[in-house]
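got a sequence here, can you model it:
(chains A and B)
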Amino acid sequence: MAEGEKRRRFSNLRSVLWRVDLGILPASPEASVEEHRRAAADSRRRYVTLRRRLLVDPHVPKDESRSSDLVVDNPLSQNPDSSWGRFFKGAELEKTVDQDLSRLYPEDGSYFQTPACQAMLRRILLMWCLQHPEYGYRQGMHELLAPLVYVLQVDIDELSQVRKLHEDCFNDDFDGVPFLDTDMVFSYKPRKDPKWNLGYDDEYNSERSSKINTLDELDSDTKEIILLSDAYGAEGELGIVLSERFMEHDAYSMFDGLMDGGSGMVHMAEFFSPSSVGSSSNLPPVIEASSALYHLLSIVEPTLHNHFIELKVEPQWFALRWLRVLFGREFCLNDLLVVWDKVFACSNNMLLSSDEEYNFRILCSARGAFIAAMAVSMLLHIRSSLLATEIDIFCLQRLLNFPTNIDVQKLIEKATSLQSIAIEANTSFSSFLLKRDSCEYDRVHSNRATSTPPRTPLHPLSESYWEEKWRNVHKDGTTPKESEKGDSFSKQLKKSLTQRLGLSRTESDPSPVKVLSVKNDTRNSVRRCLLNTLSDDLERSNEVAGKIQQDEFPIGSVHREPPMSSAEPSKLKAAGENATVSPLCVAKVNPLKNYVVEPAHENATQRTKCIAESCSSGENSPVFYAASSGNEPENSQGIDSESSSVTSNSCAGDHDKDEILKDESSNSNDDSKTIQDSEAAFSDKSPDQDETSERAVVSNERKPFISKLQWLLKLGRPSVEGNMEKSSGETSDDKQGVDASHSPPSDGNSNNSRGSVKLASGDKKVMGTLKNLGQNMLENIQVIESAFQQDRGQPGPVENFSNNILGGKGQVTAMAALTELRKISNLLSEM
Amino acid sequence: MVLVLALGDLHVPHRAADLPAKFKSMLVPGKIQHIICTGNLCIKEVHDYLKSLCPDLHITRGEYDEDARYPETKTLTIGLFKLGLCHGHQVVPWGDLDSLAMLQRQLDVDILVTGHTHQFKAYKHEGGVVINPGSATGAYSSITYDVNPSFVLMDIDGLRVVVYVYELIDGEVKVDKIDFKKTATMHA
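As a prediction, this is how the structure comes out:
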């Protein structure tokens, strides 16, 4: 009976095939018809006993106890044991089920709306829910059941077709030999064939009579159908595998098999439960499965994944429906049957050994992996239209109205190809956060799962966001490459930082739960670009004039950190006044002062130094931005949560910085709210860190930060290569109390290779960030302009500084740079 | 499978404050389809409470009822059974079976529910059933000593009615069950 490898047995009989896949009928390809029949009969008997037990009529007196305790068994009894109690519970359940059933495939003439079918569906659902009270009835179960009943019905129709064609095989003719009442069994006379009666139909009759005499003359498929439906085979009528009488029983067993997943990993029932029992993290299984989806997507198509993250589209918003009904709502019924063919064909057994760690429960079986892969391939199918959406509502609209004119085969092929990736992704730790080790992850993720918008990213790295953006603006299109390296670089950086700050996140690839890290990545890439554009511009400006260059630097730094310029003076003032000035601040101030005091340094050196300093001081810049936003309320319109979140996130653990900021902001009219927010964020992030240690840490982290920045610049700017080492030495001197850290070049090399690998994936990230960049650019420009106004009035220790800025030529070049900025921002917003 | 609650003679607030707590805990909305009340509630609040248990409420007037709009007698059909409702103080002698039977024939009902005596009674009589649900609060009665709170729940199912009697005896709820089958030939 075994067919060729390509074509599975029973491929023309979906219900039998599915029953084999779901574990009801024997799965081995060599199983005989008898075995199938026996298995079918067993499943039916199980159903009937269940039905007799559960569908209890309280009126029918129980056989065993005539004098059942009336106190328990009266209709008003609150006792849960009473049969009346069960009756009322069943009545309620039935009402809920009915609500859904009445809306099942409501097209006219639909098979599902016929009363007989509805009654059958209702009974099946009721029975299952009574049997599994921990799940109850949830909307969607009826949609899982409906196609199962449908395929059974289709097969029964097929059977009746066969019956019509091959009547002779079905009637009681005992192997084709008709026994008429008048004839003797053993007789010499020629038998009177009833078909001979009609004379003029002779040749037609003779044709028919010579048609089928034995079963073996039929093709194997039909033969199988007939054998499966033979009333005299194993188990008699109960064993007829395709039987209308037992359709309800079979549908129930299929439904049960689907929901319980056999002994495999994917239990559809889990997707309906809101509790976190049965998932490897403390999340409801469906949420976990949705995040598995995002995880796979991030591996396969990071752009789309990042797009989702940016729009704050959580996977379960659409994946819930997809998973719970196994795509029943996304495809028409016929397509759905094809999809389910493939889903069920995948085995549901656990692929990993029992002690292996895995990330997602759903991906532990081939079937689950295929489901996830199917979802991802659907996402990829509408990728372009999804990327075009700008707000989450439109994105969701697109997702929830999946196009109907699709080639299902193509989707399935894609899904099959992704399936292996999915299984891979389940166990690979390098690409995913070690959930088990990080309780923090659980906390964050569960918060994320429960509260809809992801919180502002809390990452410890305080990069010079504004600096990067500025660079990016001036870069003019060669950003992707740099952003590549920036990504990997930033990841390296983050890794080292997390290690230092004791966060157990390890992550090098973007992942779905890393809304935070991904955001960070995009921002880092932005910064990377900014960094490069800054160096570019500085190079360019170098060609203009020496003195102007020097003027450029402060302007450059102003450009890079627009708030810096305004905040810096006030900061310096505060630093002068404030007794509790931290070494950090001094460190910050010093480089600037150094830089300011020694305008006669080599251009290259200055450039790099300024870059380094800006980077280092850039830590504060977003924070200062908050302060400066207080200064320039008219310019802070449209400062979106992103920037303030950047603000809050930029200096994780820098409580002392916050204090200083607070002083500054108290000087000016402010919304200290943002600062307090950031403080709150910091206190959330690292509540247990000592301030002093923080300072040390931060200064420590700046060292590798700067060195790595220099490495990056080295990659992008071969011309300043030689200066890198020099400036690194210089900056290390500049920094106080900071250990001269590891060698940048060695890091550089390793990062380099990784950076090039990241080229392809990071490319797409830039696209999304550029849009945001454009908006921020405009804000920056406004800030810069007003900063100029402010600086003019700043007296005191910043005289040198402001003098440089306010040098006439300096101002002109500043304005020129500003117009440049504007142009680029327009370009960006167009993109 | 229709559940019909029959009760009466609560005499709230004059002779009793409220239904017993155990009774109240049993009477939850959603299970009962009809309520028939023999009368003597006496105030509107009791009426509202019963209405909250089930929207289909039928009451007849007792002599102490404050709402004068209740009818003296009422008949209704539930399933295959005809039910008759009356308070019972109109039928003299109070509680006499033959007189009640006369009323039953007058109303032409299968099941007659009356009260006033504050004592549970259920008779099968001439092809019909006469039920007295007693007093749901156990209110004082001049004609009955030692009144126990009681009420009746009828389960009407096709041709069969099962009468569950709930009595509060010594602080415990006691349940009893009586089966009645409607014969094909009822009274003429």
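
B:Ala21: neighbour count?
Each residue near B:Ala21 was counted by other C-beta atoms under 10 Å in any protein chain shown, and the total is 9. For glycine as for every other residue, the C-beta is placed from the backbone atoms N, C-alpha and C.

what's the distance between it and B:Gly30?
According to C-beta to C-beta, to the nearest Å, B:Ala21 stands 20 Å off from B:Gly30.

repeat for B:Gly127
Distance from B:Gly127 to B:Gly30, by C-beta to C-beta: 34 Å.

got the contact list for A:Phe318?
A:Phe318 is in contact with A:Leu396, A:Leu399, A:Leu400, counting by C-beta atoms under 8 Å, 6 or more residues apart in numbering or on different chains.

let me see the contact set for the nearest residue to B:Asp176 once chain neighbours are set aside.
Among residues not flanking B:Asp176 along the chain, B:Val165 sits closest, at 4.5 Å (C-beta to C-beta, 6 or more residues apart in numbering or on different chains). Counting by C-beta under 8 Å, 6+ apart, B:Val165 touches B:Phe120, B:Ala122, B:Ser150, B:Phe151, B:Val152, B:Val175, B:Asp176, B:Lys177, B:Ile178.

near chain A, which residues of chain B?
Neighbours of chain A within chain B, by C-beta under 8 Å from any C-beta of the partner chain: B:1, B:3, B:25-28, B:30-31, B:153, B:155, B:157, B:162, B:164, B:166, B:173-177.

now which of these would you call buried?
B:3, B:26-27, B:31, B:153, B:155, B:157, B:162, B:164, B:166, B:173, B:175-176 (16 or more other C-beta atoms under 10 Å in any protein chain shown).

determine which two of the residues you listed are furthest apart.
Spatially, the most separated pair among these is B:Asp157 and B:Val173, at 23.2 Å (C-beta to C-beta).

helix or strand: which one has the residue nearest to A:Tyr137 when sequence neighbours are not counted?
Nearest residue to A:Tyr137, sequence neighbours excluded (C-beta to C-beta, 6+ apart): A:Cys129, at 4.5 Å. Using DSSP states H and E, A:Cys129 sits within helix A:115-131.

tell me the angle whatever helix or strand comes next after that helix makes with helix A:115-131.
Sequence-wise, the next helix or strand downstream of helix A:115-131 (DSSP H and E) is helix A:141-165. Orientation check (axes from the mean of the first three to the mean of the last three C-alpha atoms, to 10 degrees): helix A:141-165 against helix A:115-131 gives 130 degrees.

could you give the average pLDDT over helix A:141-165?
Mean per-residue pLDDT for helix A:141-165: 84.

got it, and stretch B:180-188?
64.

next, count neighbours for the closest residue to B:Val12 other than its chain neighbours.
Spatial nearest neighbour of B:Val12, excluding adjacent residues (C-beta to C-beta, 6+ apart): B:Val46 at 5.1 Å. By the measure other C-beta under 10 Å, the count of residues near B:Val46 is 23.

and the host helix or strand of B:Val46, what does it pack against?
When secondary structure is defined by DSSP H and E, B:Val46 falls within helix B:44-53. When contacts are defined as 3 or more C-beta pairs under 8 Å, 6 or more residues apart in numbering or on different chains; DSSP states H and E, helix B:44-53 packs onto strand B:34-37, strand B:57-59.

go again using 10 Å as the cut-off
For helix B:44-53, the packing partners by 3 or more C-beta pairs under 10 Å, 6 or more residues apart in numbering or on different chains; DSSP states H and E come out as strand B:2-7, strand B:34-37, strand B:57-59.

can you redo those strands as CSV with mean pLDDT?
Formatted as CSV, those follow (pLDDT from 0 to 100):
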stretch, mean pLDDT
strand B:2-7, 93
strand B:34-37, 94
strand B:57-59, 94
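
redo those strands as CSV? Include distance to A:Ile421.
Output for the helices and strands packed on helix B:44-53, formatted as CSV (distance: least, C-beta to C-beta, whole Å):
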stretch, distance to A:Ile421
strand B:2-7, 60
strand B:34-37, 64
strand B:57-59, 66
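
which residue is the nearest non-sequential neighbour of A:Ala251?
A:Ala251 sits nearest to A:Val149 (C-beta to C-beta, 6+ apart), 4.8 Å away.

following the helix or strand containing A:Val72, which helix or strand shows up next?
Applying DSSP H and E as the criterion places A:Val72 in helix A:70-73. Where DSSP H and E defines the elements, the next helix or strand beyond helix A:70-73 is helix A:83-101.

is chain B within reach of that following helix?
Yes. Helix A:83-101 is in contact with chain B by C-beta under 10 Å from any C-beta of the partner chain, via A:Trp84, A:Phe87, A:Phe88, A:Ala91, A:Glu92.

among those, name the buried ones.
A:Trp84, A:Phe87, A:Phe88.

biggest separation within the residues of helix A:83-101 next to chain B, which pair?
It's A:Trp84 and A:Glu92 that sit farthest apart of the residues of helix A:83-101 next to chain B, by C-beta to C-beta, at 12.9 Å.

pLDDT on the helix holding B:Val46, on average?
92.

can I get it in PDB, CA atoms only?
Extracted in PDB, the C-alpha atoms of helix B:44-53 (Å, rounded to 0.1, in the frame of the first residue of the first chain):
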ATOM      1  CA  LYS B  44     -42.900  47.300  47.300                       C
ATOM      2  CA  GLU B  45     -39.300  46.500  48.200                       C
ATOM      3  CA  VAL B  46     -40.100  42.900  48.400                       C
ATOM      4  CA  HIS B  47     -41.700  43.100  45.000                       C
ATOM      5  CA  ASP B  48     -38.600  44.700  43.600                       C
ATOM      6  CA  TYR B  49     -36.400  42.100  45.100                       C
ATOM      7  CA  LEU B  50     -38.400  39.300  43.600                       C
ATOM      8  CA  LYS B  51     -38.400  41.100  40.300                       C
ATOM      9  CA  SER B  52     -34.600  41.100  40.400                       C
ATOM     10  CA  LEU B  53     -34.600  37.300  40.700                       C
END
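
contacts for it next, please.
Residues from elsewhere that reach helix B:44-53 (C-beta atoms under 10 Å, 6 or more residues apart in numbering or on different chains): B:5, B:7, B:10-13, B:18-19, B:24, B:27-32, B:35, B:37, B:40-41, B:57, B:59, B:65-67, B:70, B:136-137.

show me what counts as buried in that helix.
For helix B:44-53, by 16+ other C-beta under 10 Å, it's B:Val46, B:His47, B:Tyr49, B:Leu50.

what sits against B:Gly8?
B:36-41, B:59-60, B:62, B:85, B:87-88, B:113-116, B:118, B:132-137, B:151-152.

ugh, wrong one, A:Ala415
A:339, A:342-343, A:369-378, A:380, A:422.

ok, now which ones touch residue 19?
If you meant another chain, say so; for now it's chain A. Contacts of A:Arg19 (C-beta under 10 Å, 6+ apart): A:10, A:13, A:25-27, A:36, A:39-40, A:43, A:148, A:151-152, A:241, A:250, A:253-254, A:257, A:344.

chain B is the one I meant
B:7, B:10, B:12, B:25-27, B:46, B:49-50, B:136-138, B:149, B:151, B:168.

how many neighbours does B:Asp67 have?
12.

you'd agree it is up against B:Thr60?
No. If you go by C-beta atoms under 10 Å, B:Asp67 and B:Thr60 don't touch, sitting 11.3 Å apart.

so how far is stretch B:60-68 from its chain's centroid?
Chain-centre distance of stretch B:60-68: 15 Å, with C-alpha atoms, centre = their mean, to the nearest Å.
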